[in-house]
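Chemist: Any chance you can model this:
(one chain, ligands or ions: 1)
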Amino acid sequence: MIEVEGLTKRYGRKLAVDHLSFQVRPGVVTGFLGPNGAGKSTTMRMMLDLDNPTSGSVRIDGRTYHELPDPLKEIGALLEAKAMHGGRTAYNNLLALAQSNRIPRRRVDEVLDMVGLTAVAKRKSKGFSLGMGQRLGIAAALLGDPRILMFDEPVNGLDPEGIHWIRNLMKALAAEGRTVFVSSHLMSEMALTADHLIVIGQGRLLANTSMAEFIHENSRSFARVRTPQPERLRDALSGGGYQVTEVEGGTFEIDGAETEALGDLAAAHGITLHELSAQRASLEEAFMQMTAESVEYHAHAGPGDPAAAPGGVPQGAGWGQGAGWDAGQQPQGAGPQQPGAPGGWGQGWDQGRDRRDRNKGV
Ligand SMILES: Nc1ncnc2c1ncn2[C@@H]1O[C@H](COP(=O)(O)OP(=O)(O)OP(=O)(O)O)[C@@H](O)[C@H]1O
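Modeler: Numbering: from 1, shown residues only. Here you go, the predicted structure:
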């Protein structure tokens, strides 16, 4: 289990993480969600002792990271997969890490096999695609067979087969009773993978809930009706006590309404319907609604931007994705630090370095 208590990180005037408290439990996949700049990577780095908290603490199975005798055997992490020792082969990258953490050599073969890199084990990792780099980073995280695993945006750069593979890997690791903590921007992916969600915005905790509850509480269910007789339908719906929003000519959205009741009402008034469907906002929409206030990088709404559409998410509630996402980027010099940057290998490398340093008595 990971216990985060009052965790706070300030970079100058910027409060990157603001009194975060939550627990990540074993046996389930916990998704860590937040818009760009919300503080996810900073939180993960502090969990791994790669960054010092301004205040607050993180406990890994009851101990702080630096109290762990064999960190790589307790917690494995993928932070920045692409940043690795490019001049070494995949095998030698993992072997160096294994040897500096007293992990047997055969484990290197095991994890290479688990991530599907056996055939390219003797190739230098600098020639690896982003997806292969992700797999190698995951192999490093798994090397110590840790009870706790942490992945920062693990599906980045993976093809559909790779995404499917990592989804199943995370579920399998959780099913073995491990603690699995994974950050992602891909809401649809999270919906398929995570059982529990921690949502943050501007460093603050916005939600700590099960996936099902999160969708239920934050997404809107409504019925959509389209008719060539909008005046008559509007009158009939108002007469029936429904709260109606006309999203475009002849198309209405009715919150919390059952399609059966709406169909009956239209039939009773002899109104023709061209569409009658039950709608549920996706996790993506639920998330955008929740974090609308705390999005740091606002895109400009343009034609085709759902944020600009009637009935869509309020303007500026986007994820900072798509066209124009960079329009609201920060001033120079305040850019987000790359996750795992200090160690080059993400946490694996850092742990290795840490261990080597400790072995050297540094
Ligand atoms: N070393 C640093 N110096 C100054 N500000 C920083 C530093 N690292 C992060 N920040 C700021 O802290 C905030 C949180 O950044 P962080 O990278 O943790 O967010 P994130 O949720 O991981 O974002 P993303 O999804 O874009 O990676 C951002 O405003 C970022 O600019």
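Chemist: Point out where the protein drops to low pLDDT.
Modeler: In the predicted model of the chain, residues 81-84, 282-283, 294-362 satisfy pLDDT under 70.
Chemist: change it to 50
Modeler: Residue ranges of the chain with pLDDT under 50: 301-362.
Chemist: Quick one: residues contacting the residue most central in space within it.
Modeler: Central residue check for the chain by Cα atoms, centre = their mean: the C-alpha nearest the mean position is that of S184, 2.0 Å away. The contact partners of S184, by Cβ atoms under 8 Å, 6 or more residues apart in numbering, come to 31-33, 153-155, 190, 193. For glycine as for every other residue, the C-beta is placed from the backbone atoms N, C-alpha and C.
Chemist: Need the phi and psi values for it.
Modeler: In this entry, S184 is assigned phi and psi values of phi -160, psi 150 (degrees, to the nearest 10).
Chemist: next one: L136
Modeler: On the backbone of L136 - angles per degrees, to the nearest 10 - the values are phi -70, psi -40.
Chemist: For the residue lying closest to it once chain neighbours are set aside, give its distance to D152.
Modeler: Counting by Cβ to Cβ, 6 or more residues apart in numbering, the nearest residue to L136 once its immediate chain neighbours are dropped is A90, at 5.3 Å. Relative to D152, A90 is positioned 20 Å away (Cβ to Cβ, to the nearest Å).
Chemist: just D195 next, same as before
Modeler: Between D195 and D152 the computed distance is 19 Å (Cβ to Cβ).
Chemist: out of the two, which sits in the more crowded spot?
Modeler: Residue environment comparison for D195 versus D152 gives the larger neighbour count to D152, 25 against 16, counting by other Cβ atoms under 10 Å.
Chemist: tell me which residues in the helix ranked longest in the chain are buried?
Modeler: Assignment by DSSP state H gives helix 160-175 as the longest helix of the chain. Residues of helix 160-175 classed as buried: 162-163, 165-167, 169-171, 173-174 (neighbour count, 16 or more other Cβ atoms under 10 Å).
Chemist: Tell me where this structure has strands.
Modeler: Taking DSSP state E, the strands of the chain run over residues 2-11, 14-24, 29-33, 55-60, 75-78, 148-152, 179-183, 196-201, 204-210, 221-226, 244-248, 251-255, 275-280.
Chemist: want to throw those strands into a markdown table with distance to R105?
Modeler: Converted to a markdown table, those look like this (distance: least, Cβ to Cβ, whole Å):
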| stretch | distance to R105 |
| --- | --- |
| strand 2-11 | 30 |
| strand 14-24 | 31 |
| strand 29-33 | 30 |
| strand 55-60 | 26 |
| strand 75-78 | 18 |
| strand 148-152 | 22 |
| strand 179-183 | 26 |
| strand 196-201 | 36 |
| strand 204-210 | 41 |
| strand 221-226 | 55 |
| strand 244-248 | 62 |
| strand 251-255 | 61 |
| strand 275-280 | 51 |
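Chemist: May I see those organised as JSON lines, with distance to the ligand added?
Modeler: Output for the strands of the chain, formatted as JSON lines (distance: least, Cβ to the nearest ligand atom, whole Å):
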{"stretch": "strand 2-11", "distance to the ligand": "3"}
{"stretch": "strand 14-24", "distance to the ligand": "3"}
{"stretch": "strand 29-33", "distance to the ligand": "9"}
{"stretch": "strand 55-60", "distance to the ligand": "14"}
{"stretch": "strand 75-78", "distance to the ligand": "14"}
{"stretch": "strand 148-152", "distance to the ligand": "7"}
{"stretch": "strand 179-183", "distance to the ligand": "7"}
{"stretch": "strand 196-201", "distance to the ligand": "7"}
{"stretch": "strand 204-210", "distance to the ligand": "12"}
{"stretch": "strand 221-226", "distance to the ligand": "29"}
{"stretch": "strand 244-248", "distance to the ligand": "31"}
{"stretch": "strand 251-255", "distance to the ligand": "31"}
{"stretch": "strand 275-280", "distance to the ligand": "26"}
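Chemist: Single out the most deeply packed of the ones you listed.
Modeler: Each of these was given a mean neighbour count from mean count of other Cβ atoms under 10 Å, and the largest, a mean of 29, is that of strand 75-78.
Chemist: tell me which strands and helices it is in contact with?
Modeler: Strand 75-78 is packed against helix 130-142, strand 148-152, helix 347-359, with contacts defined by 3 or more Cβ pairs under 8 Å, 6 or more residues apart in numbering; DSSP states H and E.
Chemist: circling back: for the residue nearest to L136, give me its contacts.
Modeler: 112, 117, 120-123, 125, 128, 136, 139.
Chemist: Just the buried ones out of those residues, please.
Modeler: If you count burial by 16+ other Cβ under 10 Å, the buried members of the contacts of A90 come out as 112, 117, 120-121, 125, 128, 136, 139.
Chemist: picking up where we left off before, if we check the ligand, which of the contacts of A90 are in contact?
Modeler: Restricting the contacts of A90 to those near the ligand by Cβ under 6 Å from any ligand atom leaves nothing, as none qualifies.
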